[in-house]
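Engineer: Output the structure for:
(one chain, ligands or ions: 1)
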Amino acid sequence: MKKYMALATALCLALSLAACGGSTSSSSAAASSAPASSAAASSEAASGTASSEAAAGELTTVVSGKLTMSTNAAFPPYEMTTDDGSFEGIDVEIAGAIADKLGLELQIDDMDFDAALLAVQQGKSDMVMAGVTVNDERLAVMDFSDSYATGIQVVIVPEDSDIASIDDLAGKKIGTQRGTTGYLYCSDTPENGGFGEDAVVAYDDGLTAVRALLNGQVDCVVIDNAPAQSFVESNPGLKILDTEFAVEDYAIGVNKGNTALLDAINAALAELTEDGTVQSIIDKYIPAE
Ligand code: GLN
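Structural biologist: Below is the predicted model:
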């Protein structure tokens, strides 16, 4: 845990506030499958599109002609539902841009986070995009694309909490989301920097965990920094501690051994990263301060 905290501190120093809890955009623009910066895209299009399209030529997907993405749309600003029931967020827009590059139609299947991970493993979805952190347990059962974003585990507490740092979590009730890295870290044994399973309550999603915190059922919630920022903004009386648990890489998970799809996704992602599309999508939802 110490190593993660050192990393987190270094990253916070190195990056602007945006990466360490910058404000979440309240933009409610509906998800569009168009890349956010099509002007920038055009300069790279000639060579770029050719390579991801070539990779896409051999693709077999779960539903022909579609790129099926499993997700948990309760993780703002990466994925959330709009008032009219459609989906928006960083992952939703990046997925839309990748699908466009591959000549496929994006289909989003919303489910619990642990189910979204399982869906790719069972061949029910082509990819999982849900702010998914790459870790060894998951690498054993699925393959991951190159990373497209960074997450940091943070602690949400009531404003008047006596918890001031991670050391104060011993003996407290910790709320987490089921199946997430936040749960894994906290439920680990004290020797490994965790607090033991009995100290941790696993909720269906982040919002449910935050509601439990507001109701006093847990003393804190450990969750990724971007959704934490969003939940704290929309629920007065809560704050995020300055200390972090871990710096993590988000990537797209696919069925283990599906190298055709993985290569196609990585080719598309490289083009979208190079032409600035990925960064402009992230900036749209997490504006730099
Ligand atoms: N990044 C965390 C994980 O991968 C949480 C993701 C999520 O809750 N959507 O476990």
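
Engineer: what does this structure have sitting close to the ligand?
Structural biologist: 72, 75, 113, 130-133, 151, 177, 180-181, 224, 248 (C-beta under 6 Å from any ligand atom). (Each C-beta comes from the backbone N, C-alpha and C, glycine too.)

Engineer: partner residues bridging residue 248?
Structural biologist: As for beta bridges, residue 248 partners with residue 151 under DSSP bridges.

Engineer: Could you shift the numbering so residue one becomes 40, and keep it that way?
Structural biologist: Taking 40 as the first residue, the last one we looked at is residue 287.

Engineer: tally of neighbours for it?
Structural biologist: 24 (other C-beta atoms under 10 Å).

Engineer: residues in contact with it?
Structural biologist: Contact analysis of residue 287 by C-beta atoms under 8 Å, 6 or more residues apart in numbering lists 172, 173, 174, 189, 190, 191, 192, 220, 263.

Engineer: right, and the secondary structure at residue 192 would be what?
Structural biologist: Under the three-state scheme (DSSP: H, G, I helix; E, B strand; the rest coil), residue 192 adopts strand.

Engineer: which one is it nearest to, not counting chain neighbours?
Structural biologist: residue 284 (3.6 Å; C-beta to C-beta, 6 or more residues apart in numbering).

Engineer: I'd assumed residue 261 was in contact with that neighbour.
Structural biologist: Yes: between residue 284 and residue 261 there is a contact at 6.5 Å, judged by C-beta atoms under 8 Å.

Engineer: ok so residue 308 is a helix residue?
Structural biologist: Yes: judged by three-state DSSP, residue 308 forms part of a helix.

Engineer: What are the phi and psi values at the residue in the stretch 40-189 of the chain positioned nearest to the ligand?
Structural biologist: The stretch 40-189 of the chain approaches the ligand most closely through residue 172 (3.5 Å), counting by C-beta to the nearest ligand atom. Main-chain dihedrals, residue 172, degrees, to the nearest 10: phi -80, psi 140.

Engineer: contacting residues for it?
Structural biologist: Residue 172 neighbours (C-beta under 8 Å, 6+ apart): 190, 219, 220, 287, 288, 289.

Engineer: What residues of the helix or strand containing residue 266 count as buried?
Structural biologist: According to DSSP states H and E, residue 266 maps onto helix 264-273. By 16 or more other C-beta atoms under 10 Å, the buried positions in helix 264-273 come out as 264, 265, 266, 267, 268, 269, 270, 271.

Engineer: what is the mean pLDDT for that helix?
Structural biologist: Helix 264-273 shows a mean pLDDT of 96.

Engineer: ok so, going back, which one of the contacts of residue 172 is nearest residue 136?
Structural biologist: Nearest to residue 136 among those, counting by C-beta to C-beta, is residue 289 at 15.6 Å.

Engineer: now the closest one, nearest residue through space, not along the chain?
Structural biologist: Spatial nearest neighbour of residue 289, chain neighbours left out: residue 188 (4.4 Å); criterion: C-beta to C-beta, 6+ apart.

Engineer: count of neighbours near that neighbour?
Structural biologist: Close neighbours of residue 188, defined as other C-beta under 10 Å, add up to 20.

Engineer: Test my guess that it contacts residue 321.
Structural biologist: Yes: counting by C-beta under 8 Å, residue 188 touches residue 321, with 6.3 Å between them.

Engineer: Which neighbours do these two have in common?
Structural biologist: residue 129.

Engineer: which ones are touching the residue of the stretch 190-328 of the chain found nearest the ligand?
Structural biologist: Distances from the stretch 190-328 of the chain to the ligand, computed as C-beta to the nearest ligand atom, single out residue 219 as the nearest residue at 3.4 Å. When contacts are counted by C-beta under 8 Å, 6+ apart, residue 219 touches 152, 172, 262, 263.

Engineer: next one: residue 238
Structural biologist: Contact analysis of residue 238 by C-beta under 8 Å, 6+ apart lists 208, 210, 211, 212, 213, 225, 226.

Engineer: And the pLDDT for it?
Structural biologist: pLDDT, read off for residue 238, is 97.

Engineer: pLDDT weak spots in the protein?
Structural biologist: Confidence mapping of the chain against pLDDT under 70 gives the ranges 40-97, 328.

Engineer: Quick check, central residue of it?
Structural biologist: The residue lying closest to the centre of the chain (C-alpha atoms, centre = their mean) is residue 170, at 1.2 Å.
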